[in-house]
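Colleague: Following is a predicted model, sequence given first.
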Amino acid sequence: MHVTRWGESGTRVVLIHGGVQGSSTSGASHFAAQQRLAMQGFQLLVPDRPGHGKSPSPGRPDDAAADGEWAAELLGDSAHLIGHSFGGCVALAAASRRPAAVRSLTLIEPAMLGLAARDPRVRHMLLRVVAARVFSLSARARMQRMAKILGIPAGIGGARSPEEQRRMGKAVRRVVLPKKETLEQQLAALRERGTPFLVVTGGWSPAISVVGDTVAALGGGRHVVIRSPHHFPQLVSDEFNALFVELVEQATRAP
């Protein structure tokens, strides 16, 4: 698995990106604005998830539980953990595997719509996602619809070519998301441990904002909105980095 490293020493931070297999976009691109943290005493590890960027296909669909195994190994003795979108599910799975190694957990617009499905705004988005996955006329059309629904701009996390759209469109149908009960158990354990926990959303989607509130409440954390026109609030300004540094200071003070 390809891992980008920023910073030769300092407090370890592991950043897990989202997306679906077939994408040529690297994890480093998803977290480009966080490279600056290497100048603030952090050592950042940014893997390309299997089947993404420069990492070869694992021969299986995107699976949060399976990815959580290698993500937990990257934590080393201890690390701060950040996960974006589907990578949020992976990060939570890793934290559940090695809770003592997680100094803090930050989830950015986590792919956990099912936790708030009772809210009509979330339910509407879920129905659109299901319709795109099942009823699209082609794999390419499926990926185009999913990108529009989920606020994924072409210049950041979207496909760069028709062939890439086809690959990702096929992968979308095979993604293995954690069950609602699994997420609830993992978040409840996080709350019980008192792990410093932050959820960040971009405010561009009322449904995603509801999910942010729900996930933060279940995990005993804080939900912060960084105004963004899309699914990548960590890239729009230095606000995310400042929030993360604040969370690290909180974790340092915690018993």
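Modeller: Great, that's in hand.

Colleague: where do the strands sit along the stretch 51-200 of the chain?
Modeller: In the stretch 51-200 of the chain, the segments counted as strands under DSSP state E, counting those that start in this stretch are 79-84, 102-108, 197-201.

Colleague: The shortest one pairs with which strands?
Modeller: If I follow you right, that is strand 197-201. Paired neighbours of strand 197-201 in the sheet (DSSP bridges): strand 102-108 (parallel), strand 222-225 (parallel).

Colleague: Dump the first one to PDB, restricted to CA.
Modeller: Read it as strand 102-108. The C-alpha atoms that make up strand 102-108 are tabulated as PDB, following Å, rounded to 0.1, in the frame of the first residue of the first chain:
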ATOM      1  CA  VAL A 102      -6.100   6.600  19.400                       C
ATOM      2  CA  ARG A 103      -5.300   9.900  21.000                       C
ATOM      3  CA  SER A 104      -8.100  11.700  19.200                       C
ATOM      4  CA  LEU A 105     -10.600  11.000  16.300                       C
ATOM      5  CA  THR A 106     -11.800  13.400  13.700                       C
ATOM      6  CA  LEU A 107     -14.400  12.500  11.200                       C
ATOM      7  CA  ILE A 108     -15.100  14.700   8.200                       C
END
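
Colleague: show me where pLDDT drops low in the protein?
Modeller: Across the chain, residues meeting the criterion (pLDDT under 70) sit at 157-159, 255.

Colleague: Run through the helices of it in chain order.
Modeller: 27-30, 64-74, 86-97, 120-135, 139-149, 162-172, 180-193, 206-219, 239-253 (DSSP state H).

Colleague: what's the most buried one of those?
Modeller: Ranked by mean neighbour count under mean count of other CB atoms under 10 Å, the helices of the chain are led by helix 86-97, which reaches a mean of 27. Using the backbone N, CA and C atoms, a C-beta is placed for each residue, glycine as well.

Colleague: Dump it to PDB, restricted to CA.
Modeller: Only the C-alpha atoms of helix 86-97 are listed here, as PDB (Å, rounded to 0.1, in the frame of the first residue of the first chain):
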ATOM      1  CA  PHE A  86     -16.000   6.500   3.600                       C
ATOM      2  CA  GLY A  87     -12.600   6.900   5.300                       C
ATOM      3  CA  GLY A  88     -14.500   8.000   8.400                       C
ATOM      4  CA  CYS A  89     -16.000   4.600   8.600                       C
ATOM      5  CA  VAL A  90     -12.500   3.100   8.200                       C
ATOM      6  CA  ALA A  91     -11.100   5.400  10.900                       C
ATOM      7  CA  LEU A  92     -13.900   4.400  13.300                       C
ATOM      8  CA  ALA A  93     -13.300   0.700  12.600                       C
ATOM      9  CA  ALA A  94      -9.600   1.200  13.300                       C
ATOM     10  CA  ALA A  95     -10.300   3.100  16.500                       C
ATOM     11  CA  SER A  96     -12.500   0.200  17.600                       C
ATOM     12  CA  ARG A  97      -9.700  -2.300  16.900                       C
END
